[in-house]
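J.: All I have is the shape, not the residue letters:
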């Protein structure tokens with residue numbers, strides 16, 4: 001019992017529960033399909049996680065800051081289409097990627113403007129962007145996928161380092177960098193501060209609007225990077241790609257312990273949430289669960305994540321109340 005208590009303190013009770021859930025999912029789907037635990041399938045799981053993982057990084061920052069974003073799926077699709085279109089016009093690959101990232105960053109600025117200046121709720125503001133951006137994704141390519149023939153672009157989707165696809169390494173590097181920024185820098189502490197209490201953070205000398213702007217721009221850049229990598233994997237820019245990507249990312253983040261109320265969460269928890277949701281999604285596919293039942297299952301998983309977040313918040317509030325009464 002003492003060892004268990006020590007583990008809870010070192011790792012966190014919520015993360016231990018999440019790890020147990022991941023183990024349970026792996027055992028369940030391995031018992032139903034022996035190929036689930038093969039090395040090839042684990043690599044496929046990591047590759048499938050790479051796009052959700054990049055978006056989940058952005059959502060970790062935004063949700064901790066008390067914000068949200070429903071446009072990443074549309075923006076990732078648009079980014080893949082724009083990059084493919086630019087390369088087909090003869091634009092050098094790196095220049096095409098940089099232009100795509102700049103466009104996505106501008107979308108992030110637009111989202112922040114709606115939230116900061118015209119005071120729309122983030123949910124409504126980014127729902128607007130989701131629709132507009134998806135429409136532009138179809139408009140710029142005439143509604144048809146754009147095939148990619150550029151060798152450098154294709155290599156991005158096929159290259160491997162130590163037998164692990166490049167897209168996975170990009171996700172890992174992004175998690176390490178953004179995880180360090182969130183946990184160890186003044187900017188990271190500022191995000192927690194405005195998510196916990198925006199007015200108190202402002203009185204402490206922080207600029208919540210500037211921090212929110214940076215978070216939305218970061219999300220735009222991560223969506224662009226993910227969309228370009230996804231297009232490279234598919235060998236085409238597809239306007240219909242990445243539908244509901246944001247919901248998988250949000251589910252992973254909330255499962256990982258980031259509070260929907262803001263101010264609480266870690267990148268390590270998000271990583272566990274990404275693994276859990278992708279293992280769950282892949283397992284459903286491998287045991288031939290019909291696609292319409294998969295939607296039901298994913299919705300149930302999101303409900304479970306939100307319910308868990310409510311319970312965690314209630315327990316935190318009780319602990320704070322008990323501490324304040326004890327001190328008084």
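T.: Noted; the coordinates are in hand. Not measured: the values here are computed from a predicted model. Numbers count the residues shown, from 1 in each chain.
J.: Could you report the separation of the residue most central in space within the chain from residue 98?
T.: Nearest residue to the geometric centre of the chain (CA atoms, centre = their mean): residue 56, 1.3 Å. Look at residue 56 and residue 98: by CB to CB, to the nearest Å, they are 24 Å apart. In this view, the C-beta of every residue, glycine as well, is placed from N, C-alpha and C.
J.: hang on, the earlier thing: which ones are touching the residue nearest to the centre of the chain?
T.: Contacts for residue 56 (CB atoms under 8 Å, 6 or more residues apart in numbering) come out as 249, 252-253, 270, 273-274.
J.: What is the one helix or strand residue 209 maps to packed up against?
T.: In this assignment (DSSP states H and E), residue 209 forms part of helix 208-234. Judged by 3 or more CB pairs under 8 Å, 6 or more residues apart in numbering; DSSP states H and E, the packing partners of helix 208-234 are helix 39-64, helix 72-88, helix 93-116, helix 151-158, helix 166-184, helix 186-196, helix 198-203.
J.: And these: which comes nearest residue 236?
T.: Nearest to residue 236, of all the helices and strands packed on helix 208-234, is helix 72-88, at 6.4 Å by CB to CB.
J.: for the closest one, packing partners?
T.: helix 39-64, helix 93-116, helix 122-140, strand 146-147, helix 151-158, helix 208-234, strand 236-237, helix 245-255.
J.: again, only this time at 7 Å
T.: helix 93-116, helix 122-140, strand 146-147, helix 208-234, strand 236-237, helix 245-255 (3 or more CB pairs under 7 Å, 6 or more residues apart in numbering; DSSP states H and E).
J.: a markdown table please, covering the ones you listed and showing mean pLDDT and distance to residue 323.
T.: What follows is the helices and strands packed on helix 72-88, written out as a markdown table (pLDDT from 0 to 100; distance: least, CB to CB, whole Å):
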| stretch | mean pLDDT | distance to residue 323 |
| --- | --- | --- |
| helix 93-116 | 96 | 33 |
| helix 122-140 | 95 | 31 |
| strand 146-147 | 92 | 58 |
| helix 208-234 | 95 | 27 |
| strand 236-237 | 93 | 53 |
| helix 245-255 | 91 | 25 |
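J.: can you list those in a markdown table and add mean neighbour count and distance to residue 20?
T.: Below are the helices and strands packed on helix 72-88 laid out as a markdown table (neighbours: other CB atoms under 10 Å; distance: least, CB to CB, whole Å):
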| stretch | mean neighbour count | distance to residue 20 |
| --- | --- | --- |
| helix 93-116 | 19 | 36 |
| helix 122-140 | 18 | 32 |
| strand 146-147 | 16 | 44 |
| helix 208-234 | 24 | 29 |
| strand 236-237 | 26 | 40 |
| helix 245-255 | 27 | 13 |
